[in-house]
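Q: Let's see this in three dimensions:
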Amino acid sequence: MDRFLLILCTAVYLACPHTRAQTARENRNAMQDSGIQSFFDAQAAKHPEKLYLHLNQPYYGAGDTMWFKAYLTDAVSHKPDTLPAGEYTLRAYTGWMLNFEPAFFFRRNINVGNTRSDRIRTDVTYTSAQAIVRFADADGRPIRDAEADYKLFD
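A: Below you'll find the model as predicted:
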């Protein structure tokens, strides 16, 4: 059997003297010609996002309340990322719930606005009964005798 396998491999080797593998340069040229390289270049230019959840404790018992905070980061540099202004959807469900209709998933639309300004700084202090908002200019001096509009949301 070993002799037969050796003869077969030798015959295949001698019958195909002109076969060779593609070189790295030929492979790169073929990818560029077909547009595949531009796809991979575009994907490499994008920085993937990574989402972390910070939990309030490492262990939970039945009936415990779980609190968490979510962080969106750049997956390459691990620096915090910010969401641009827009409307986002928060969905939550369990693995078991995936067996059923998505109508039973928790879903809430969240509006993210752009309240940043280079000219005005805000400082918000919360008490048990109120929120105190202080406005200052870029140098930190309080802004006086100016009108401000506000909206309250649930």
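Q: Spatially central residue for the protein, please.
A: Nearest to the mean C-alpha position of the chain, counting by C-alpha atoms, centre = their mean, stands Glu49 at 2.6 Å.
Q: Please report the distance of that residue from His78.
A: Distance, Glu49 to His78, by C-beta to C-beta, to the nearest Å: 11 Å. All C-beta spots, glycine's among them, are computed from the backbone N, C-alpha and C.
Q: before we move on, what about Glu147?
A: Taking C-beta to C-beta as the measure, Glu147 and His78 are separated by 42 Å.
Q: So which of the two has more stuff around it?
A: Between Glu147 and His78, His78 has the larger neighbour count (other C-beta atoms under 10 Å), namely 11 against 4.
Q: List the buried residues in stretch 56-66.
A: For stretch 56-66, burial by neighbour count (16 or more other C-beta atoms under 10 Å) applies to no residue.
Q: From start to finish, how long is it in a straight line?
A: With C-alpha to C-alpha, to the nearest Å as the measure, stretch 56-66 spans 7 Å from end to end.
Q: What lies in contact with it?
A: 55, 67-68 (C-beta atoms under 8 Å, 6 or more residues apart in numbering).
Q: so where do the helices sit in this structure?
A: Ranges of helices in the chain, per DSSP state H, are 2-15, 24-34, 36-45.
Q: So for the residue nearest to the centre of the chain, what's the pLDDT?
A: pLDDT recorded at Glu49 is 79.
Q: Test my guess that it contacts Val76.
A: No: using C-beta atoms under 8 Å, Glu49 makes no contact with Val76, being 9.9 Å away.
Q: Give the residues shared as contacts by the two.
A: Joint contacts of Glu49 and Val76 (C-beta under 8 Å, 6+ apart) do not exist.
Q: Next, count neighbours for the nearest residue to Phe135 once chain neighbours are set aside.
A: Closest residue to Phe135 apart from its sequence neighbours, by C-beta to C-beta, 6 or more residues apart in numbering: Ile143 at 4.5 Å. Using other C-beta under 10 Å, Ile143 has 13 neighbouring residues.
Q: re earlier: looking at the contacts of stretch 56-66, which is nearest Gly86?
A: Gly86 lies nearest to Phe68 out of the contacts of stretch 56-66, by C-beta to C-beta, at 22.7 Å.
Q: Am I right that that closest one is in contact with Leu51?
A: No: assessed by C-beta under 8 Å, Phe68 is found out of contact with Leu51, at 11.2 Å.
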